[in-house]
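J.: quick check, what structure comes out for this input:
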Amino acid sequence: MAFRRLLRGTVPWEQLEGVVQAVIERYDEPAARVAFLEADNWLSTPLVVNDQWFVKVITGQNSLVHTLLTAGRNIGAFSSGTEGFFEHFGTPYEMAEHELAATQRMREIGVNAPEPIEAFEYDGMGVLVLEYIPDFEPLDDLPAETVERHSPTVFDFLHRMHEDGLAHGDFRCENVLVAHDDLYFIDATSVREAAIRDARAYDVACALGALEPLIGAQAAVSAAAHHYDTSELLAAEEFLDFVNIRPDHDFAAAEIRGAVEKRAN
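T.: Residues are numbered from 1 along each chain as shown. Predicted coordinates:
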C-alpha cells in the first residue's frame, strides 16, 4: 500500500484548495463542501464538490504512472501476439481533456456515463469536472444475482462503444457504477483507433474476467453472447492470460475458456 501511495503521489493541500476555489468560481458557488473519495486510483485524486461535481485532479506524477502503465500494457499486448494498442497523452491536461471527450462520446451513443462538464488546467495539473452521481455502488459490491441481471447491459454498453470505434481499455467492475438500478461507465482510457479490433477483444476479455468471480464463467460468457458472436468470443479468449496478470484482475481463465469453447462447439 505504501508503494502504491508513492506511485500515485499526493497533491499538496494548497494546490487542492486552489483547484476547489477555481471550481466554485467557475460555477458561481459562494462556498465549497468537499468530500474526498476512497479510490484505489493511481491516475488522479478524486473528490466531490458540493455534492454536484465529481472532480479528478491529475498531476505530473499521475501522468508518469500512466506512461509506465501504458508501456507495460503494450508489452503485454505484444506477448499476446498483437501490436500494442494503448495510447498515452503527454500532459495531465491532455489526459483530462481526453477523458472528457470520451465520456461525451459514450453518452452520444447511448452508454450511460456521468455528464461531462469541462476540463481545464490549473498550476500544471489537469482538472476534469463531471456530474456527480450520488448513492452509487460499484458493480462488484452488489449481490451476485444483481450482477448477473446487469451483466448483459455491461456487454451492450461495450458493444455500442466498439461499434462506434471506441474501446474502454480499462474495464474493471469498479469502473461500472450502479445508481438507482442504472449502470454507468467511467474511466475510459485511450487506445489507437487503428487497433480497435484487438482493443475490442481485450475489452471483452477484461469484462469476462471481471464478471467470472462474481457470477461464474458460464453466466459471464452467456451475457457476452447476447452481443458478441463466437468468433469475437474466441478472439477475446486470446487475451485472457494477459488480462489475468494484471494486479487488479484475478479470475479462472480456464473456466472462461471452457465456457467459450463449449459455446463454439
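J.: do you know the pLDDT at the most centrally placed residue in the chain?
T.: By CA atoms, centre = their mean, the chain has its centre lying nearest to residue 187, at 3.5 Å. Residue 187 carries a pLDDT value of 81.
J.: what's the distance between it and residue 232?
T.: Distance, residue 187 to residue 232, using CB to CB, to the nearest Å: 23 Å. Heads up, the C-betas are built off the backbone N, CA and C, glycines and all.
J.: please apply the same query to residue 154.
T.: On the measure of CB to CB, residue 154 and residue 232 end up 15 Å apart.
J.: likewise for residue 128?
T.: Going from residue 128 to residue 232 by CB to CB gives 32 Å.
J.: so which of these two has more stuff around it?
T.: residue 128 (25 against 18; other CB atoms under 10 Å).
J.: my read: that one touches residue 96, true?
T.: Yes. Contact criterion CB atoms under 8 Å: residue 128 and residue 96 qualify, at 4.1 Å.
J.: common neighbours of the two, please.
T.: 56, 58, 119 (CB atoms under 8 Å, 6 or more residues apart in numbering).
J.: and which of these is nearest to residue 215?
T.: Taking CB to CB as the measure, residue 215 lies nearest residue 56 of these, at 29.7 Å.
J.: tell me which element the closest one is part of?
T.: According to DSSP states H and E, residue 56 maps onto strand 53-58.
J.: can you list the strands that that strand pairs with?
T.: Sheet pairing of strand 53-58 (DSSP bridges) gives strand 45-49 (antiparallel), strand 125-131 (antiparallel).
J.: with residue 22 as the reference, measure out to the nearest residue in space to residue 59 that is not next to it in sequence.
T.: Nearest residue to residue 59 in three dimensions, chain neighbours excluded: residue 125, at 5.3 Å (CB to CB, 6 or more residues apart in numbering). Per CB to CB, residue 125 is found 10 Å from residue 22.
J.: the more surrounded of these two?
T.: Between residue 125 and residue 22, residue 125 has the larger neighbour count (other CB under 10 Å), namely 25 against 17.
J.: state the mean pLDDT of stretch 236-252.
T.: Summarised as a single mean, pLDDT over stretch 236-252 is 87.
J.: list the buried residues for that stretch?
T.: In terms of neighbour count (16 or more other CB atoms under 10 Å), stretch 236-252 has its buried residues at 236-237, 239-240, 242-243, 246, 249, 251-252.
J.: what number of residues lie near the nearest residue to residue 225 once chain neighbours are set aside?
T.: Nearest residue to residue 225 in three dimensions, chain neighbours excluded: residue 263, at 6.3 Å (CB to CB, 6+ apart). When neighbours are counted by other CB under 10 Å, residue 263 registers 16.
J.: residue 263 in helix, strand or coil?
T.: Following DSSP: H, G, I helix; E, B strand; the rest coil, residue 263 is assigned to helix.
J.: list the contacts of it.
T.: By CB under 8 Å, 6+ apart, residue 263 lies in contact with 221, 225, 230, 233.
J.: so how far is residue 34 from it?
T.: 48 Å.
J.: now for the strands paired with strand 53-58, which one comes closest to residue 213?
T.: strand 45-49 (24.8 Å).
J.: centre of the chain to that closest one, how far?
T.: Its chain's C-alpha centre and that of strand 45-49 lie 17 Å apart, by CA atoms, centre = their mean, to the nearest Å.
J.: check stretch 46-56 too.
T.: For stretch 46-56, the distance to the chain centre is 18 Å (CA atoms, centre = their mean).
J.: residues contacting it, please?
T.: By CB under 8 Å, 6+ apart, the surrounding residues in contact with stretch 46-56 are 16, 19-20, 23-24, 27, 29, 32-37, 39, 44-45, 57, 96, 99, 114, 117, 127-134.
J.: outside of stretch 174-194, which residues touch it?
T.: For stretch 174-194, contacts defined as CB under 8 Å, 6+ apart pick out 39-40, 85-89, 98-99, 102-103, 106, 111-114, 133-140, 142, 146, 150, 153-154, 157, 161, 165-170, 199.
J.: let me fix that: stretch 233-246
T.: Residues external to stretch 233-246 that are found in contact with it (CB under 8 Å, 6+ apart): 76-77, 79-81, 197, 200-202, 204-206, 208-209, 221, 224-225, 228, 249-251, 253, 256-257, 260-261, 263-264.
J.: great, nothing more from me.
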